[in-house]
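*Asks:* starting from these lines, generate the structure:
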Amino acid sequence: MCLDFRVVLPRGSKGKLSAKRLATLSGLHVTGTRTDDGCSAFHFAADPGCSCGLLAAQFQVGAAAWPLTPVATSGLVKALQAVATACPSFTLSSAWLGAEAAPARSSVRLSEVLQELRTGTLKANLLRQVQ
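*Replies:* So this is what the prediction gives:
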């Protein structure tokens with residue numbers, strides 16, 4: 001299994017966000033994609049490939065939250081702040097590709113996600129609508 005950390009913008013979002021800009025701001029590897037329904041999306045990783053490199057060595061797949069590396073913590077905070085500035089509402093996905101359980105859905109304020117990241121953790125297996 002591989003971790004997928006992704007931000008999806010609402011359909012029709014017009015902004016100055018690009019994978020290159022988010023990569024420069026965050027220091028992370030960012031790939032821009034489109035979802036099946038045409039929404040802009042950004043995949044975050046420590047290097048090309050899956051997002052597993054964002055996780056600290058002691059993470060456990062089935063845990064309620066995953067520890068992040070210091071580089072991932074800082075980079076994701078910067079990137080999500082930039083995303084929120086350009087687009088006040090977006091979807092944040094942190095899930096294992098190929099996992100049997102589908103990610104739980106929830107709504108959350110940006111400040112809550114940033115606080116979570118600043119503690120060096122990421123809640124596991126979630127699809128969150130960030131506002």
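*Asks:* in this protein, which spans are strands?
*Replies:* Assigned by DSSP state E, the strands in the chain fall at 2-8, 29-34, 40-45, 65-67, 90-97, 104-108, 121-123, 126-130.
*Asks:* can those strands go into TSV with extra columns for distance to residue 17?
*Replies:* C-betas here are computed from N, CA, C, even on glycine. Formatted as TSV, these follow (distance: least, C-beta to C-beta, whole Å):
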stretch	distance to residue 17
strand 2-8	9
strand 29-34	8
strand 40-45	7
strand 65-67	25
strand 90-97	10
strand 104-108	20
strand 121-123	21
strand 126-130	14
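*Asks:* out of these, which is the most enclosed?
*Replies:* Highest mean neighbour count among those (mean count of other C-beta atoms under 10 Å): strand 40-45, with a mean of 22.
*Asks:* that one packs against which elements?
*Replies:* When contacts are defined as 3 or more C-beta pairs under 8 Å, 6 or more residues apart in numbering; DSSP states H and E, strand 40-45 packs onto strand 2-8, helix 19-26, strand 29-34, helix 70-86.
*Asks:* how does it look with 7 Å?
*Replies:* Packing contacts for strand 40-45, counted by 3 or more C-beta pairs under 7 Å, 6 or more residues apart in numbering; DSSP states H and E, involve strand 2-8, strand 29-34.
*Asks:* nice, that's everything, thank you.
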